[in-house]
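Colleague: Everything below, folded, please.
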Amino acid sequence: MSVRSRWILNRLVLYARLMRLDKPIGIMLLLWPTLWGLVFASPGYQDMTVLVIYVLGTVLMRSAGCVINDYADRNFDPYVQRTATRPLATQALRPAEALGVAGILALMAFGLVLMLNPLTIGLSFVALAVAVSYPYTKRFFPLPQAYLGVAFGLAIPMAFATYQNTVPGLAWVLWMANVFWAIAYDTEYAMVDRDDDIPLKLHSSALLFGRFEVLAIMLCHVVFLLMMAGAGWWMRWGLGYFLGLTVAAGLIGLQYRWIKTREPKRCFEAFLNNHWVGAAIFLGLLWDRWGLIQNLRV
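Modeller: Sure, this is the predicted structure:
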């Protein structure tokens, strides 16, 4: 392999790490609400073109969000144990390179959105503005995890806009449920960095809630599940959906056992477990939508 080929390969690896493609949990936590929204909003079938657009758009925008986050935090990450080896923190990549990567990813995502209707395109500008501004909220907003939930849930009203050309109240209920879920799982994540955030004067829900952080996490999870159950009841979903919620509740109960120790490793495991919470709800939706239990309706 030539020197130039090795340099290109090394750059590609660094870009992949910058986009966190080696740590797909963020993509999944963004993808599950997106898929919930598509199933709730669709008229009984999934348009495969729409599905592909949203899945690819999720990967692209989550990757762009990671790049923007690392650009914004490039002067903080070297002092946080978990983030000290990121490409911008170690100066393996230049800030200008990161901005270029983020711009390319955002343009690719926008190219996909242009295949959808005007209302969805309009909402995409809101989603982009929220995604770009989120990393800076940690400097002044005491609950940046809520802002993250706003960003991660905007694909839900976009899905309704795509299928129904309107954004009904149900879409905002699902969106708000996702905000509470994000506060819960990202507080678990913030518990890992709490000791590093204090000297850097960065805000997080783990610091805001203090010694009541475990209680706050569980209350947010409960509100999330109740809102998802209410949305399912409104849509007359069947047993499959509510079994999915029951499994999700069981997984959240397991998270409580981990976070009550307040050990960083266990808190991080609880955070990762939310991938399965999202998957359980989605599988329940698929079970109902495929009509496997048509005679058992709630």
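Colleague: Go ahead and confirm Phe268 touches Tyr189.
Modeller: Yes: at 7.1 Å, Phe268 and Tyr189 qualify as touching, with contact defined as CB atoms under 8 Å. To be clear about C-beta, it is placed using only N, CA and C from the backbone, and glycine gets the same treatment.
Colleague: Same drill for these two, tell me which one is more crowded.
Modeller: Set Phe268 next to Tyr189 and count neighbours by other CB atoms under 10 Å: Tyr189 wins out with 22 against 19.
Colleague: other SSEs contacting the longest helix seen in the chain?
Modeller: Counting residues, the longest helix in the chain under DSSP state H turns out to be helix 169-200. The contact analysis (3 or more CB pairs under 8 Å, 6 or more residues apart in numbering; DSSP states H and E) places helix 169-200 against helix 25-41, helix 144-153, helix 155-164, helix 205-209, helix 213-234, helix 239-259, helix 264-289.
Colleague: export these to JSON lines and tack on mean pLDDT?
Modeller: Below are those laid out as JSON lines (pLDDT from 0 to 100):
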{"stretch": "helix 25-41", "mean pLDDT": "96"}
{"stretch": "helix 144-153", "mean pLDDT": "94"}
{"stretch": "helix 155-164", "mean pLDDT": "97"}
{"stretch": "helix 205-209", "mean pLDDT": "91"}
{"stretch": "helix 213-234", "mean pLDDT": "97"}
{"stretch": "helix 239-259", "mean pLDDT": "96"}
{"stretch": "helix 264-289", "mean pLDDT": "94"}
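Colleague: Could you dump those helices into JSON lines and include distance to Asn117?
Modeller: As requested, the helices and strands packed on helix 169-200 are exported to JSON lines (distance: least, CB to CB, whole Å):
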{"stretch": "helix 25-41", "distance to Asn117": "13"}
{"stretch": "helix 144-153", "distance to Asn117": "20"}
{"stretch": "helix 155-164", "distance to Asn117": "6"}
{"stretch": "helix 205-209", "distance to Asn117": "36"}
{"stretch": "helix 213-234", "distance to Asn117": "23"}
{"stretch": "helix 239-259", "distance to Asn117": "27"}
{"stretch": "helix 264-289", "distance to Asn117": "22"}
